[in-house]
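>>> Predicted structure and sequence below. I'll ask about it afterward.
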Amino acid sequence: MVGVTFVKKQNQSARRKAIADRKKQHAKFIQETLNKWDTSGTGALNFEELRNWLTDITEQKTKPDDGEVKWVQSMANFAKAGLAKERGGEASTVLEASVLPEDFKLAAQAWMSYVDSKEEIDAMFKKFDKDHSAYLDKPQLAELLTALNEGEPVPDAEVDWVLSTSDTLGNGVITPPELSKALSLWYAREPDEGTKLPTIEKPNEKMTTTSVIKVVPSKRANQSSRRKEIVEKKKKHKQFIKDTLDKWDKSGTGALSFEELQNWLSDISAGEKATEDEVHWVQVMAQKEKVLVGTFKKKEDLFDASVLPEDFVAAVEVWMAYKDSKEEIEAMFAKYDTDGSDSLDREQLKSLLKDLNDGVDPEDGEVDWVFTNADQLGNGAITKPELKKALGLWYARDDGDSSGRTASVGGDPIAAAAAAAPPPAAAAAPAAPAAPAKPIKTAAVTLEELKSIKRVNQAARRKDIARKREARSDFIQETLAKWDKSGTGALTFEELKAWLSDNSVGGPATDDEVKWIASLANMDKIKDKAMAASASVLPQDFVAAAKAWMAYKESKDEIEAVFAKFDTDQSGALDKAQLTQLLKKLNDDVAPNDSEVDWVMENADQIGNGQITKPELSKATALWFALVDSDGNEEAAKAAVAAPPKEEAKPAPAAAPAAAPAAAATPQGATTGQPVKATPACGGCS
């Protein structure tokens with residue numbers, strides 16, 4: 001903890017001072033603006049006062065017209081109008097209200113950004129405001145957007161979206177100051193994105209502080225080129241779909257039935273007929289996104305449904321990737337499909353995985369996990385097109401966490417497809433595929449490449465994991481044998497206290513320390529802090545408990561020194577007032593806000609007794625610095641403190657057997673304190 005203090009204190013204090021200076025400057029800016037321009041003495045700027053102020057802050061002393069003043073009012077009051085509308089009030093009344101001091105900066109930013117691009121905006125208006133009404137209606141805006149889109153007509157929905165989102169004044173047209181926002185929205189928007197947005201949105205930073213952005217000519221050129229490229233891709237996609245339907249949609253339904261899909265896939269693969277399993281698999285893979293959103297509720301719906309045009313590209317991509325590796329898949333099936341069923345049952349899959357694992361038997365949970373998630377058809381077997389998925393799962397899976405990922409989907413292709421990785425993105429549609437002499441090569445890694453690249457490393461890694469599991473198991477059994485006096489298969493409060501006391505230097509563990517360890521071990525299982533602190537610690541949590549305890553003991557001397565200074569009543573814990581004094585000292589004697597102290601107290605009080613005990617002090621300090629570092633963003637601060645270290649601690653070296661935990665690596669920012677008693681029992685299970 002003290003290490004963190006020394007490293008960060010100077011930088012953090014400087015940052016807080018900078019924040020305080022900015023606040024003072026902002027307050028001064030507000031006060032000077034009110035003193036000079038609030039001639040009515042209302043504590044805000046009315047319409048004419050706002051006009052005078054806006055005129056004065058521009059270098060050219062540009063006087064805004066009525067429409068421009070209304071627009072600045074609307075920009076400054078936009079968030080408040082959104083809240084008013086959300087709560088059933090009248091948004092337009094709020095938009096036209098006087099500008100309050102807290103919105104002066106926003107009003108100034110909007111006005112200065114608009115003035116900066118006014119010459120360009122006026123030129124556009126002169127060209128497209130053909131009735132000289134000083135605003136653009138929907139047809140005129142559509143004409144402008146079409147010109148920006150290299151002459152390609154803009155879909156009606158896109159025009160509506162730009163119009164409704166840019167119309168800050170809510171009068172159904174685009175005024176000159178609103179045009180800047182319209183252009184920004186147009187260039188930043190992704191084609192085919194969403195639907196029409198409401199005129200008044202909920203308050204958010206994107207719709208307030210950065211709503212008016214000058215359109216840079218170079219950006220406009222790049223964006224227009226990009227949109228033209230997207231238009232070309234859309235044309236190719238449409239042509240690909242049309243050609244496919246013309247040739248293969250014999251039933252004229254506008255989609256491909258099972259038989260039509262089978263004929264199409266067979267034609268793509270040089271006339272080799274696709275099997276029923278292969279066609280069903282393509283149906284699942286091509287329509288995976290529909291599975292995820294719940295379009296299909298059961299496998300019959302999925303297999304009976306025709307493949308729609310929007311899924312043609314995905315169907316081609318998954319089929320060609322499969323065909324590219326089919327020769328290797330056939331070779332594997334010839335070896336492990338011992339009954340010639342053209343599919344692998346669980347035992348046959350297990351034999352395959354054993355060979356891939358250098359003859360080491362995979363655990364049943366691992367086999368079940370691969371089998372369940374690779375069985376995308378839900379028929380209780382691994383078919384040829386599913387084998388590559390099974391191999392990918394085996395090589396890519398996190399061997400250290402089989403329990404959390406063995407989610408049963410009950411042999412359901414819908415759930416299996418939802419669990420699978422999505423097909424390659426269909427950004428650019430291929431031309432209608434001709435019948436090649438041999439399968440087209442894709443970017444997919446072949447099975448042989450997977451084996452040659454990963455096999456040696458994966459096998460070694462899995463052996464290392466097996467050794468760690470064995471060491472972990474031995475550590476747990478030794479700990480239970482020595483300290484589980486009650487025979488419950490876990491450590492009660494007193495048993496935990498005895499275990500921790502045996503593995504520390506400088507006296508037995510206190511009740512608060514034992515509660516802290518218990519709460520850390522049980523926090524994911526028991527939400528109530530007090531209950532978690534008094535519950536028994538289960539065997540699977542022994543290693544985590546040991547690491548937390550040893551890390552705490554390494555910095556206990558420094559913690560004791562801090563407590564000697566701020567625990568003025570010598571209660572062994574810091575109350576809110578004492579914690580406030582500690583945080584003030586860390587903050588170069590600048591007192592923290594009351595809400596900041598409450599937040600640190602609430603989140604550092606692991607055992608739930610309303611105080612900061614000695615083992616909780618490190619977290620309290622870390623939370624404080626994280627809060628400062630995130631400019632008061634509490635969620636970001638919590639995430640920063642909760643984040644794991646960037647590098648794993650190296651396993652402790654083995655030593656003579658003893659029923660004590662391995663010393664954890666010193667936490668980031670902590671410094672090594674007094675020597676720690678040798679604790680080698682779980683040296684290999686980190």
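Alright, I've got the coordinates.

>>> Would you state the helices of the stretch 401-550 of the chain in chain order?
For the stretch 401-550 of the chain, the helices identified by DSSP state H, counting those that start in this stretch occupy 413-419, 447-483, 493-502, 511-522, 529-534, 542-554, in order along the chain.

>>> Tabulate those (TSV), appending distance to L169 and mean neighbour count.
From N, CA and C alone the C-beta is placed, and that goes for glycine too. Compiled in TSV, those are given as follows (distance: least, CB to CB, whole Å; neighbours: other CB atoms under 10 Å):
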stretch	distance to L169	mean neighbour count
helix 413-419	45	21
helix 447-483	60	15
helix 493-502	66	19
helix 511-522	55	23
helix 529-534	52	18
helix 542-554	58	23
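
>>> Tell me which of those sits nearest to E634.
When these are compared by CB to CB, helix 529-534 sits nearest E634, at 18.4 Å.

>>> in the stretch 301-450 of the chain, which ranges drop under the pLDDT threshold?
Screening the stretch 301-450 of the chain residue by residue with the criterion pLDDT under 70, one finds the ranges 301-304, 396-450.

>>> same thing but at 80, please
In the prediction, the stretch 301-450 of the chain carries residues with pLDDT under 80 at positions 301-305, 324-325, 357-358, 376, 388, 392-450.

>>> which residues in it form strands?
Here the stretch 301-450 of the chain has its strands, by DSSP state E, counting those that start in this stretch, at 343-344, 382-383.

>>> Let me have those strands in a markdown table, extended by mean neighbour count and distance to K63.
As requested, the strands of the stretch 301-450 of the chain are arranged in a markdown table below (neighbours: other CB atoms under 10 Å; distance: least, CB to CB, whole Å):
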| stretch | mean neighbour count | distance to K63 |
| --- | --- | --- |
| strand 343-344 | 24 | 80 |
| strand 382-383 | 24 | 76 |
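
>>> For S117, find the nearest of these.
Between S117 and these, the shortest separation by CB to CB is 60.3 Å, and it involves strand 382-383.

>>> packing partners for that closest one?
The contact analysis (3 or more CB pairs under 8 Å, 6 or more residues apart in numbering; DSSP states H and E) places strand 382-383 against helix 276-286, strand 343-344.

>>> nearest to L627, of those?
For the helices and strands packed on strand 382-383, proximity to L627 was assessed by CB to CB; helix 276-286 is nearest, at 46.7 Å.

>>> Could you pull out the buried residues of the closest one?
Neighbour-count burial for helix 276-286 flags D277, E278, V279, H280, W281, V282, Q283, V284, M285, A286 (criterion: 16 or more other CB atoms under 10 Å).

>>> Take stretch 28-40, keep the C-alpha atoms, and write them as CSV.
Taking only C-alpha atoms (Å, rounded to 0.1, in the frame of the first residue of the first chain), the coordinates of stretch 28-40 have been written out as CSV:
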residue,chain,number,x,y,z
LYS,A,28,-14.7,32.7,-13.0
PHE,A,29,-15.8,32.5,-16.6
ILE,A,30,-19.4,32.1,-15.5
GLN,A,31,-19.3,34.9,-13.0
GLU,A,32,-17.7,37.3,-15.5
THR,A,33,-20.3,36.4,-18.1
LEU,A,34,-23.1,37.1,-15.7
ASN,A,35,-21.6,40.3,-14.5
LYS,A,36,-21.2,41.7,-18.0
TRP,A,37,-24.2,40.3,-19.9
ASP,A,38,-27.0,39.5,-17.4
THR,A,39,-28.3,43.0,-17.4
SER,A,40,-31.8,41.8,-16.2
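
>>> residue boundaries of the helices in the stretch 101-250 of the chain?
Listed in chain order, the helices found in the stretch 101-250 of the chain under DSSP H, counting those that start in this stretch are 104-116, 118-128, 138-148, 156-166, 176-188, 217-248.

>>> Let's have the ones you listed in a markdown table, adding mean pLDDT.
Listed next are the helices of the stretch 101-250 of the chain as a markdown table, based on pLDDT from 0 to 100:
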| stretch | mean pLDDT |
| --- | --- |
| helix 104-116 | 82 |
| helix 118-128 | 83 |
| helix 138-148 | 88 |
| helix 156-166 | 85 |
| helix 176-188 | 75 |
| helix 217-248 | 71 |
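
>>> among those helices, which is nearest G608?
Proximity to G608, assessed across these by CB to CB, is greatest for helix 104-116 (42.0 Å).

>>> Output the contacting helices and strands for the closest one.
helix 2-37, helix 47-57, helix 66-76, helix 176-188.

>>> Save the ones you listed as a markdown table, and put in distance to I526 and mean neighbour count too.
Written out in a markdown table, the entries for these read as follows (distance: least, CB to CB, whole Å; neighbours: other CB under 10 Å):
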| stretch | distance to I526 | mean neighbour count |
| --- | --- | --- |
| helix 2-37 | 29 | 14 |
| helix 47-57 | 57 | 17 |
| helix 66-76 | 49 | 22 |
| helix 176-188 | 47 | 22 |
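
>>> so which of those helices gets nearest R472?
Between R472 and those, the shortest separation by CB to CB is 29.5 Å, and it involves helix 2-37.

>>> what mean pLDDT does the closest one have?
Here the mean pLDDT over helix 2-37 is 71, rounded to a whole number.

>>> What of stretch 540-549?
Mean pLDDT, taken over the full extent of stretch 540-549, equals 86.

>>> Run a quick neighbour tally on the closest residue to A97 other than its chain neighbours.
With sequence-adjacent residues excluded and distances taken as CB to CB, 6 or more residues apart in numbering, A97 is closest to N77, at 5.8 Å. Around N77 sit 25 other residues, with neighbours defined as other CB atoms under 10 Å.
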